[in-house]
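Q: pasting the structure only:
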Ligand SMILES: [Zn+2]
């Protein structure tokens, strides 16, 4: 996660990474190497169901675009704040159950995003640890709880 100062569309863009716990359980490389959107994977039915459920029950303030991307293996996903949308990137090596879990984590970032994070993200020389802590504050925790309940209710 780091402030991203490059490009007009990215003036307000910030990366928030989700790394660590799942990395050691990473699946084998996907056979859908050219699928840029997980929704293009016909076998990912649960993922599509969860995504539709989140869009319906937990809509963030801006639209959310989902992509699979080449990411370092320690970065399972990230939520990018653009001017008029969020982009959730999922590591392309995730298997479906992991992708669902990471989607829920990142969706909560889109849901909990606020002006103070925008301001913090634009602060020159922001400490990545401080920003990471701010991204996973109580507001994010509440959003994650809401996402998790919605996920369970999809049952
Ligand atoms: Zn996160």
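A: Nice, thanks for sending it over. Only a predicted model underlies this, so the values are computations on that prediction, with no experimental measurement involved.
Q: now for the protein, which residue lies nearest the mean position of the chain?
A: Residue closest to the average C-alpha location in the chain (Cα atoms, centre = their mean): residue 106, at 2.8 Å.
Q: Toward the C-terminus, what is the element adjacent to the one helix or strand in the chain whose mean pLDDT sits lowest?
A: Lowest by mean pLDDT, DSSP states H and E among the helices and strands of the chain is strand 17-19, with a mean of 55. Of the helices and strands lying after strand 17-19 in sequence (DSSP states H and E), the nearest is helix 45-57.
Q: can you give me the offset of that following helix from its chain's centre?
A: In terms of Cα atoms, centre = their mean, to the nearest Å, the centre of helix 45-57 is set 14 Å apart from its chain centre.
Q: for stretch 66-80, same thing?
A: 8 Å.
Q: Next, see if that stretch gets close to the ion.
A: No - under the criterion of Cβ under 5 Å from the ion, stretch 66-80 makes no contact with the ion; the nearest approach is 7.0 Å. Where C-beta positions appear, they are placed from N, C-alpha and C, glycine not excepted.
Q: Cool, thanks, talk later.
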